[in-house]
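Visitor: Following is a predicted model, sequence given first.
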Amino acid sequence: MKNSFSRHPSAFSAETDLTYSRRRLLELGAAGLLAASFAPLAGCAADEPPINALPVKPLGRVPGFGGRLPNIVFIYADDLGYGDLSCYGSRAVRTPNIDRLSREGVTFTDFYSCNALCSPARYGLLTGRYPQRSGLDFPLWEGRKGKLGFRVSKQLGHIFSRMGLADMGKESSINGIPTGEITIAEALREAGYQTWAIGKWHVGDFGLYPEYHPENNGFDRFFGVPYSNGQDPFPLYRGKAQIEENIQGDDQAKLSRIYTEEAIKFIDERDGRPFFLYLPYNAPHRPLHPSEKFRRKSRSGLYGDVVEELDHYVGKLLDALRDRGLEGNTLVFFSSDNGPWYNGSAGGLRGGKGQSFEGGFRVPLIAKWPGRIRPNSRCGEMASILDIFPTLLAIAGVNAPVDRIIDGKNITGLLTGKSRKTPHETLYFYHHDDLEGVRNGSYKYYRMINHYKYPLPTNKKWGGVGKARIGEWPLLYDLSTDPGESYNLAQNMPEVAERMEGLMRKWEGEMAENAAGIVR
C-alpha cells in the first residue's frame, strides 16, 4: 500500500518543449512575488514524516559482542572540494596535518556524499538514509528570523526554478531531522558512549524548533551554531543557551579555533567511557574569514587561507589525542559534506556543490584507527557517507534498526582492508527531490541534468528547447577512464544506458511505494 509520503517519478519528457508566453511569465512573476511576501513569514510548510509514527524501541547490543570500544571522532568540513587537500593532489593548498592523517590511515578515492548540499548530506550521515526518505531535499535556512530581503530573494529563487530560470528546486517539506529518525549519537549511547556535537548543526533551526536541537537528538552536549555562516542572524550556542546573538564579518574568523578548543575541553572532561565526537566545522563555507595568523599566508587566496587554518586546527586536535594517550584507541574520520562552491577545487572532476556531477558528490574520506587500519593505504571502491551510520553501529556492537530501511552499508572491511569489494551495487544521485543519476560499477548515468553550459546553463526544464541548443540526454560515462565526465557513451553503448535507466526506474518504483522506508 502506498504511503502518503510517496515520491513519484517525474512525468517530464526530454522531448517536451516548455514555452512561456509573456503573459504567463508575468502571471508567474506576480504569483511568485505574492508568495514571497507571505511564505517566508510562516517558514516551511512541514509535513509529518511517517517515520515519526514508529514506536521508540531500544536497538540493543549484538549478542556475544566483545572487545574494547574505540573512541570515535568524525571531522566534517563544509564545502571542501575533492581536490583541496595535498593528499588528494592539491598543489595550491598545503594541508600537512590532514596529510598526516592520510599517511597514518586509509584514503578513499571513490567516496560519495548522499547529496550535493549541506542539510541533506548531514541528514544522511546522521541516519544512514537517503534524505529523500523524509523530504529533506534542500538546505534548511533560518526560519522566520532571517532578514526580509534574504527571505524574499530565497522564495523568488524557488519560483524562478520552477520556470527553468534558476536552479534552487523547492524547499524541503520538513523543518529538520524528524524526531522518529535514529541518529548515530542515539545508537551509540546504547553502547555507553558519551556523545558530543561541536560546530555546525544544520538539520533544523532549533532556535525556532526546539525538537531539532542536538541534545534532543542523541547528543549529551552541544556547542556550536544552528546553520551555515552565510546566514543572518548567525547565533552561537552552548547547550540550549544562546551565548552570542549574531557572529558576522571577521568575528567568524574565530570559529575553527573555538570549535577545536571546545572539542579538546570536552575530551579533557570525559568520564572514562568511550566518546563519540561529531565535529562539523563551518570552514570553508562562504563567506571566507581567515584569522590574522592565516590571512594571506596561502598560495590560493582567502579560500586557501581558511582551508590551511582548518588543517592547523585538525592538527591541534590530533595532537591532543596523542598527548592524552588516546590516539591508539581512537577512530578518526575526516570528510566533507559536498563539493566546492565558487572557490575550491573538485580535483579535475566535473561540477561542484549543488550538482549531481562527480564534483558535487565525490568528497574526501580519510580514516585512521591504529592497529586496525593499515597506514598509508588507499581504497578505490565505491562507498558513501550513508555507510558511516551502519559501520559505527557494527564497530560499537549495536544492532541495526529493523523497523526502517538503512540505505548505508557496513564498510568496516573496506576500512581495514579485509574486504576488497564495495557492498554497494548502486548509488543514486538526487538533485533536490529529482532523481538525476545513478552509479553502477564504473558507469555513471544521468537521465536528464542541467548541462551548466553556455548559453542555457540550467536547460533541463527547457526540455527539447534546451536539448536543441546544447548537449544531449541521456548521459553515460565510464568513470574508470573518464572521471571528469567529458565523453558521453550513451549512443555508443545503448545497452548499458538502458540497463542504467532500468535501475533508476526500479528505484523510483520502490520509492513511490515506500519512500519513508518503513519495514512492516
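Guide: Cool, got the structure. Numbering: from 1, shown residues only.

Visitor: When you work out contacts or count neighbours from here on, use the C-alpha atoms and nothing else.
Guide: OK.

Visitor: other SSEs contacting the lengthiest helix in the chain?
Guide: Ranked by residue count, the top helix of the chain under DSSP state H comes out as helix 301-323. If contacts are counted by 3 or more C-alpha pairs under 8 Å, 6 or more residues apart in numbering; DSSP states H and E, helix 301-323 sits against helix 96-103, helix 255-268.

Visitor: Need the winner for burial among those helices.
Guide: Among the helices and strands packed on helix 301-323, judged by mean count of other C-alpha atoms under 10 Å, the one packed with the most neighbours on average is helix 96-103 (a mean of 20).

Visitor: for this structure, what spans make up the helices?
Guide: With DSSP H as the criterion, the chain has helices at 22-42, 96-103, 118-127, 148-162, 184-189, 255-268, 301-323, 358-361, 388-396, 412-416, 464-469, 494-514.

Visitor: related to what we said a few turns ago, the helices and strands packed on helix 301-323 into TSV, with extra columns for distance to residue 379 and mean pLDDT?
Guide: TSV is the format used below for the helices and strands packed on helix 301-323 (distance: least, C-alpha to C-alpha, whole Å; pLDDT from 0 to 100):
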stretch	distance to residue 379	mean pLDDT
helix 96-103	12	98
helix 255-268	28	98
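
Visitor: For residue 150, find the nearest of these.
Guide: helix 255-268 (23.3 Å; C-alpha to C-alpha).

Visitor: could you check the angle helix 301-323 makes with that closest one?
Guide: Taking axes from the mean of the first three to the mean of the last three C-alpha atoms, to 10 degrees, one finds helix 255-268 and helix 301-323 inclined to each other by 10 degrees.

Visitor: Just give me how far helix 255-268 sits from the chain centre.
Guide: Mean-position distance between helix 255-268 and its chain equals 23 Å (C-alpha atoms, centre = their mean, to the nearest Å).

Visitor: circling back: may I have the longest helix of the chain as PDB, with CA atoms only?
Guide: What follows is helix 301-323, C-alpha atoms only, in PDB (Å, rounded to 0.1, in the frame of the first residue of the first chain):
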ATOM      1  CA  GLY A 301      43.500  33.300  -1.800                       C
ATOM      2  CA  LEU A 302      41.200  33.600   1.100                       C
ATOM      3  CA  TYR A 303      39.800  30.200   0.400                       C
ATOM      4  CA  GLY A 304      43.300  28.600   0.800                       C
ATOM      5  CA  ASP A 305      43.800  30.600   4.000                       C
ATOM      6  CA  VAL A 306      40.700  29.200   5.500                       C
ATOM      7  CA  VAL A 307      41.500  25.600   4.500                       C
ATOM      8  CA  GLU A 308      45.000  25.900   5.800                       C
ATOM      9  CA  GLU A 309      43.700  27.200   9.100                       C
ATOM     10  CA  LEU A 310      41.200  24.300   9.300                       C
ATOM     11  CA  ASP A 311      44.100  21.900   8.700                       C
ATOM     12  CA  HIS A 312      46.100  23.600  11.500                       C
ATOM     13  CA  TYR A 313      43.200  23.000  14.000                       C
ATOM     14  CA  VAL A 314      42.700  19.400  12.800                       C
ATOM     15  CA  GLY A 315      46.400  19.000  13.700                       C
ATOM     16  CA  LYS A 316      45.800  20.500  17.200                       C
ATOM     17  CA  LEU A 317      43.000  18.000  17.800                       C
ATOM     18  CA  LEU A 318      45.200  15.100  16.600                       C
ATOM     19  CA  ASP A 319      48.000  16.300  18.900                       C
ATOM     20  CA  ALA A 320      45.600  16.500  21.800                       C
ATOM     21  CA  LEU A 321      44.500  12.900  21.300                       C
ATOM     22  CA  ARG A 322      48.200  11.800  21.100                       C
ATOM     23  CA  ASP A 323      49.300  13.800  24.200                       C
END
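
Visitor: Excluding chain neighbours, give the residue nearest to the most centrally placed residue in the chain in space.
Guide: Centroid-nearest residue in the chain, with C-alpha atoms, centre = their mean: residue 121, separated by 2.0 Å. Spatial nearest neighbour of residue 121, excluding adjacent residues (C-alpha to C-alpha, 6 or more residues apart in numbering): residue 115 at 5.0 Å.

Visitor: follow-up on the earlier one: any idea of the angle the longest helix of the chain forms with helix 96-103?
Guide: Here the directions of helix 301-323 and helix 96-103 differ by 60 degrees (the same axes, to 10 degrees).

Visitor: oh, and call the first residue 525 from now on, that's how I've got it
Guide: That works, and once the first residue is 525, the last one we named lands at helix 825-847.

Visitor: residues making contact with helix 825-847?
Guide: With contact meaning C-alpha atoms under 8 Å, 6 or more residues apart in numbering, helix 825-847 is reached by 616-622, 780-781, 784, 787-788, 807-808, 812-815, 818-822, 851-852, 867-868.

Visitor: and the helices of the chain, which is most packed in?
Guide: The most buried one of these (mean count of other C-alpha under 10 Å) is helix 882-885, showing a mean of 29.

Visitor: can you tell me which residues contact the closest residue to residue 577 other than its chain neighbours?
Guide: Spatial nearest neighbour of residue 577, excluding adjacent residues (C-alpha to C-alpha, 6+ apart): residue 704 at 7.0 Å. By C-alpha under 8 Å, 6+ apart, the residues touching residue 704 are 575-578, 580.
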